[in-house]
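Chemist: Structure, please.
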Amino acid sequence: MTIKGLRHLHLRSSKVFCLLLVFTPLLQIIGLSQGPAPENTAQNSSENLSQILRLERTEVAGGAELITVHARLSGLDSEKDDKWVPLVSVLRDTLGDANPENDRMRYVWPLTYTRPTVKQRLSAAIPFLYTRVGNKENLSQKPPPPALDLSAPESEVWEKLLWTALQSLLLDPYGTPVKASTSSYRRNSSDYRKSHIIRALSVLALYQAVKGEKAFSDSEMAEMQARLLLADKTLGGLVDDSNLQNYYAKKTTQTRDERGHNWELLRQRAEAESLYFEPLLMPDGTATHAMLWVSKRDLEKREGAKYNGRFLNIASPWSDKRLLKWQGFVETWYFDSEAHQVESVSAGAEAVEMIPLALYGLDNPKIPMLLVDFRDSYNPKKREMSRRVLNDVTRNILSLSKFGNIPFFLGRTVFDFVTGRRGMDINQPSRLQTYSELKLLLALTNSMNPELRDEVNGRLEHISLNPFENDLEAEARIARDQYGALIEFARNAEGLTAKLERDRRAELMPLEHGRSAQIAFHVVHILTFGKYVHREKLVIDMEARLDIARRLNYHTKFLHQVAKASAEVDVTWNLEDIKKSLRFIAEHGSEAGNPAVSATAKIFSRTKDDETRRACLDSLSQIGNPKAKNELLRISQNKELDQTWRDTAELYLQRINQPVQPIAATVNGSPVKAGQP
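Modeler: Numbering: from 1, shown residues only. Modelled structure (predicted):
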């Protein structure tokens, strides 16, 4: 076939596929529904977080500590009475002291995240194989792989770019089988890592809610959470540290809004269809999921009733004969004469048998995500597969791209618009996040009936699309074994201690070289896709120099946060903390950079406190670089300021610009100052 013929065939196939994209959702039977809510809310959280989560610290030689969050997995059937399982470990580099200002967070290990078996790897490379293939049974004695290096997040960016380049230049030209196989493997590997990062996020967020002493400061927690959230973004590792707290706050607000939106949407639809809405709560009282129930007495009263399943994506319960003879799980609830759910011992309480219909995730944008359909196990999996199949067919079989094929772009846009507007749970964002959180919820809490929990867990394992995944029992065993291996690695002088030293030598590079050399090293790092990392030779004063550099960075970030805040500096911030940071920067002004200058100048303009303003001017004069001089000049020429401050800035500026007197030598060789007689 000629090239022209191939192009013609390719164009026709893309147009046919686009038509299918446009009209398929219009032919779907919308199975959607939701129901009225019993008054079980976050106030009924049954367990104290301090009894569910605990912390363990392990000292690492060389000046670091390994912080591990253990969880009591009450939802697991275990021979161990305490059921405590280590879930997340974080390495904090402390430089061997108790000063939090020079601490640096390094590696995060979700301890359920492990290296796949050969069988799992081979299965992950099979295109269109969307299922689990079994658990990992035998673990090696190697330390577990970290999911993220918090001190060098940019390395993830270069690795992604490396694999993208290899995929496009070396693998895709070998044809569809190789292209589809390698793409499938990379997708499964990425999703597997992402699911465990999501669980690490949830565990750390839960621990932060525990009352008492905190292992991580609020800024450390926000930084870790933001880095973990950005790990899935292509260029997320390049986000500057100064923007992490704002990003985390934005994502937290967005998640809260999405949960609230989906909660209300699901509750209203449930009420409209005479179904019962029950939120499922994390141990901290956060509602991340919800269930819909139907009562047996309503099935008899409303048999054949009209049903609008929009946003629910399940079949009508009123025309389903199986529910009248339901043999599955049934739970007994009690209601008073006004149809309010009450305790069984309440006066006049009437027992009603309830049948579970579906379980939803509330974390997704636009609509609640169907995770479990108790009458049709394939229904959620079909919806989860819809996006994967669409992407795999268009990308790996038809080689279509939204950016390179206009008909496909238009068809895909219309398809996404129609499904979104109609509330169809097809081709929606992956359920990966809400599935991961549900597995954690099932493991942490025992508030759900054990029989129902086992059924939900079994259905989740059936729905899983990733061959790399292990079930909950296997993950608990893997976490314990990998934690033991990590502790041994931490105690080995050639293990974590040696790794920590190499990381510090890499951190020393900006302190040893000028800007030109730093740029050269960064270019080599990028060209090698992150494989080359320049490390300095070990020097005696390495820790002392890193201490100053880290504390400068700490105080600069704090001042930057103060300067960016919209609230009044003198009202919402502790001025003593601000002056402390300004004094430290003044003491080490020659090593401070432009970010410190910008933050200091903004604070000067926003505070009315005389001592703080004087500290700002002192810091600018001690930094003394061109940007600091410009800021002092701008202040001295600002006619809106009091003349005293303008004169003070002018005085500081004169001190910076004052030339150093040259040294001359006398006839006998003794030095004299120029101008001496």
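
Chemist: Run through the residues that contact residue 360.
Modeler: Going by C-beta atoms under 8 Å, 6 or more residues apart in numbering, residue 360 touches 262, 266, 289, 290, 291, 292, 368, 369, 370, 371. Using the backbone N, CA and C atoms, a C-beta is placed for each residue, glycine as well.

Chemist: so how far is the longest strand along the chain from its chain's centroid?
Modeler: Ranked by residue count and defined by DSSP state E, the top strand of the chain is strand 350-361. From the chain centre to the centre of strand 350-361 is a distance of 32 Å (C-alpha atoms, centre = their mean, to the nearest Å).

Chemist: Quick check: neighbours of that strand in the sheet, parallel or antiparallel?
Modeler: strand 287-295 (antiparallel), strand 331-335 (antiparallel), strand 369-373 (antiparallel) (DSSP bridges).

Chemist: what about dumping the CA coordinates of the first one to PDB?
Modeler: Read that as strand 287-295. Provided in PDB are the C-alpha atoms of strand 287-295 (Å, rounded to 0.1, in the frame of the first residue of the first chain):
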ATOM      1  CA  ALA A 287     -15.800  11.500  55.000                       C
ATOM      2  CA  THR A 288     -14.000  10.100  52.000                       C
ATOM      3  CA  HIS A 289     -16.500   7.500  50.800                       C
ATOM      4  CA  ALA A 290     -20.200   6.800  51.100                       C
ATOM      5  CA  MET A 291     -22.600   3.900  50.700                       C
ATOM      6  CA  LEU A 292     -26.200   3.700  49.400                       C
ATOM      7  CA  TRP A 293     -28.700   1.300  51.000                       C
ATOM      8  CA  VAL A 294     -32.300   0.200  50.300                       C
ATOM      9  CA  SER A 295     -34.700  -1.100  52.800                       C
END
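
Chemist: Could you identify the helix or strand that succeeds that strand?
Modeler: Using DSSP states H and E, the helix or strand that follows strand 287-295 in sequence is helix 296-301.

Chemist: Now that following helix: buried residues?
Modeler: Within helix 296-301, the residues that qualify as buried are 298, 299, counting by 16 or more other C-beta atoms under 10 Å.

Chemist: now what about that helix, what contacts it?
Modeler: The contact list for helix 296-301, computed with C-beta under 8 Å, 6+ apart, reads 274, 317, 318, 323, 324, 326, 330, 352, 353, 354, 355.

Chemist: Between strand 287-295 and the helix of greatest length in the chain, find me the angle.
Modeler: Assignment by DSSP state H gives helix 176-208 as the longest helix of the chain. Going by axes from the mean of the first three to the mean of the last three C-alpha atoms, to 10 degrees, helix 176-208 is angled at 100 degrees with respect to strand 287-295.

Chemist: how far does helix 176-208 sit from the chain's center?
Modeler: 12 Å.

Chemist: Would you indicate which residues of that helix are buried?
Modeler: Buried-residue list, helix 176-208, by 16+ other C-beta under 10 Å: 178-189, 191-204, 206-208.

Chemist: now the next helix or strand after it: mean pLDDT?
Modeler: Under the assignment DSSP H and E, the closest C-terminal helix or strand after helix 176-208 is helix 218-230. Helix 218-230 carries an average pLDDT of 86.

Chemist: Now do helix 218-230: which elements does it pack against?
Modeler: Counting by 3 or more C-beta pairs under 8 Å, 6 or more residues apart in numbering; DSSP states H and E, the packing neighbours recorded for helix 218-230 are strand 104-110, helix 176-208, helix 244-272.

Chemist: residues of it that come out buried?
Modeler: Residues 220, 221, 222, 223, 224, 225, 226, 227, 228, 229, 230 are the ones in helix 218-230 that count as buried (16+ other C-beta under 10 Å).

Chemist: Repeat that for stretch 235-253.
Modeler: Neighbour-count burial for stretch 235-253 flags 236, 237, 239, 244, 245, 247, 248 (criterion: 16+ other C-beta under 10 Å).

Chemist: And those residues, which two are furthest apart?
Modeler: 237 and 245 (16.8 Å; C-beta to C-beta).

Chemist: my guess is residue 58 is in a helix, correct?
Modeler: No - read with DSSP: H, G, I helix; E, B strand; the rest coil, residue 58 is strand and lies in no helix.

Chemist: ends of stretch 128-148, how far apart?
Modeler: One end of stretch 128-148 sits 29 Å from the other (C-alpha to C-alpha, to the nearest Å).

Chemist: er, stretch 506-521 actually
Modeler: OK, stretch 506-521 end separation, C-alpha to C-alpha: 11 Å.

Chemist: quick one: it to chain centroid distance?
Modeler: 30 Å.

Chemist: quick one: contacts of that stretch?
Modeler: Outside stretch 506-521, the residues that reach it (C-beta under 8 Å, 6+ apart) are 104, 151, 152, 533, 534, 535, 536, 539, 542, 545, 546, 549.

Chemist: want to throw the buried residues of helix 218-230 into TSV with distance to residue 407?
Modeler: Converted to TSV, the buried residues of helix 218-230 look like this (distance: C-beta to C-beta, whole Å):
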residue	distance to residue 407
220	50
221	47
222	44
223	45
224	44
225	41
226	39
227	40
228	39
229	35
230	34
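
Chemist: which of these lies closest to residue 563?
Modeler: Checking these against residue 563 with C-beta to C-beta, the nearest one is residue 222 at 17.2 Å.

Chemist: now the helices for the stretch 501-650 of the chain?
Modeler: Taking DSSP state H, counting those that start in this stretch as the criterion, the stretch 501-650 of the chain carries its helices at 509-512, 515-527, 542-564, 569-572, 575-587, 594-606, 610-623, 626-636, 643-657.

Chemist: right, so of the ones you listed, which gets closest to residue 405?
Modeler: Between residue 405 and the helices of the stretch 501-650 of the chain, the shortest separation by C-beta to C-beta is 30.7 Å, and it involves helix 515-527.

Chemist: which intervals of this structure have sub-threshold pLDDT?
Modeler: Flagging of the chain using pLDDT under 70 yields the residue ranges 1-49, 77-82, 211-213, 402-404, 420-430, 529, 658-677.

Chemist: middle-most residue in it, spatially?
Modeler: residue 229 (2.3 Å; C-alpha atoms, centre = their mean).

Chemist: Check the gap between the residue lying closest to it once chain neighbours are set aside and residue 279 for me.
Modeler: Counting by C-beta to C-beta, 6 or more residues apart in numbering, residue 229 lies nearest to residue 251, which is 5.6 Å off, once chain neighbours are set aside. Applying C-beta to C-beta, to the nearest Å, the value for residue 251 to residue 279 is 22 Å.

Chemist: contacting residues for residue 86?
Modeler: Neighbour list for residue 86: 56, 68, 69, 70, 111, 479, 480, 483 [criterion: C-beta under 8 Å, 6+ apart].

Chemist: and the last one, how many neighbours does it have?
Modeler: It refers to residue 483. Applying other C-beta atoms under 10 Å, we find 22 other residues in the vicinity of residue 483.

Chemist: what's the closest non-adjacent residue to it?
Modeler: residue 86 (4.0 Å).

Chemist: Describe which strands whichever strand or helix holds that neighbour pairs with in its sheet and in which direction.
Modeler: Secondary structure assigned from DSSP H and E places residue 86 in strand 84-93. When pairing is defined by DSSP bridges, strand 84-93 lines up against strand 64-72 (antiparallel), strand 104-110 (antiparallel).

Chemist: roughly how far is it from the heart of the chain?
Modeler: Here the centre of strand 84-93 is set off from its chain's centre by 16 Å, with C-alpha atoms, centre = their mean.

Chemist: and the angle for that strand with helix 542-564?
Modeler: Inter-element angle recorded for strand 84-93 and helix 542-564: 100 degrees (by the same axes, to 10 degrees).

Chemist: hang on, the earlier thing: let me have the strands paired with strand 350-361 in JSON lines, extended by mean neighbour count.
Modeler: As requested, the strands paired with strand 350-361 are exported to JSON lines (neighbours: other C-beta atoms under 10 Å):
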{"stretch": "strand 287-295", "mean neighbour count": "23"}
{"stretch": "strand 331-335", "mean neighbour count": "15"}
{"stretch": "strand 369-373", "mean neighbour count": "24"}
